[in-house]
Structures are given as C-alpha cells and as structure tokens.
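Q: got a sequence here, can you model it:
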Amino acid sequence: MTSSMMSDYDFSGLYAQPGLMKLTIGHLAKQANVTIETIRYYQRIGLLIEPQKPLAGYREYPREAITRLGFIKRAQQSGFTLKEISELLSLDAGHCDDVRKMAEQKYQQINHKIEDLSALQRVLEQLIRDCQNDQSPEHCSLIDSFSGQINKHT
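A: From the prediction side, this is the model:
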C-alpha cells in the first residue's frame, strides 16, 4: 500500500465524533450496494484501503469508503476498467486535463466497439436472412456458413 493511497482517507477523529457510525465490512457493503467479496477484491488490488484490524473486534471502515466505492462503480458503469479507475483515483482535481484526456480516450474506444458491434450485427442479420430464405431440410445454411461451406448445397 502506497503512502498516496493512505492519504486518500482521513481517519483522524472520525470515530471520536458523536453520532458517526463505525462501518464493518458488512455494513460498508450494504451501504455501498456491493458485496463483501467486491470490497475484499478492491482491497487486494489497491483500490480500497484495508483498515488495521484491532486486537479485539472487527475492522472499522471510514464513511469515505462508501463514496470511494460509489466512485468506482460509477466509473465502471462509464466503461472504465479497474486499472483505469486506479489511475483516476490517483489524480486529484488539479489534473482535470489528464482526466478529460482519459475520458476522451474511453469515448473513442467505446465508439470503435460500437462500430465493430454494428458490423457484427449486419453480418448476423445477413446470416439469419440467408437461413430464412434457404428452407432445405438437408442442411442449415447458418451452420454451413460457420463451417465455411457457403453455397455448396445450392
């Protein structure tokens, strides 16, 4: 765990304030709408800090962990990988140009994926039309296409 990751959370005085609930991993998971396994995985890969285990009792997570988990989930929903999210988390508000560049790159990647998926969709549409037009009981034109046997039965 790097010192920059430790600075992501402010543990100081958090539990000394009255009315602030201490979060166990189960409560954190419920509040952040993720599984305990997700939290543990994020800890293993360095996206989330694992608090020190006290001599007696359970690890206690700061409430900021809920915000961090929300950030991770929203970034994933926007198409960012966990590696990219780790990069985003390492940047602060002073690196807005870097964040924007990452978002622009992600936008281009998504556009390329959409183009590729659209091409696949057109190919599949044509295969389905060919199958609908070829009612031969001896073979299936779709299977023949996948087998490289196009038009061998006509």
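
Q: what stretches of the protein score poorly on pLDDT?
A: Applying pLDDT under 70 to the chain flags the ranges 1-21, 149-154.

Q: grab the longest helix from it for me.
A: Identified as the longest helix of the chain according to DSSP state H is helix 96-133.

Q: from the contact counts, what lies against it?
A: The helices and strands touching helix 96-133, judged by 3 or more Cβ pairs under 8 Å, 6 or more residues apart in numbering; DSSP states H and E, are helix 82-90, helix 141-147. Using the backbone N, CA and C atoms, a C-beta is placed for each residue, glycine as well.

Q: dump those helices to a markdown table, plus distance to Leu28 and mean neighbour count.
A: Below are the helices and strands packed on helix 96-133 laid out as a markdown table (distance: least, Cβ to Cβ, whole Å; neighbours: other Cβ atoms under 10 Å):
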| stretch | distance to Leu28 | mean neighbour count |
| --- | --- | --- |
| helix 82-90 | 17 | 16 |
| helix 141-147 | 47 | 15 |
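
Q: out of the ones you listed, which gets nearest to Ile39?
A: Closest to Ile39 of these is helix 82-90 (Cβ to Cβ; 13.4 Å).

Q: what angle sits between that closest one and helix 96-133?
A: 160 degrees (axes from the mean of the first three to the mean of the last three Cα atoms, to 10 degrees).
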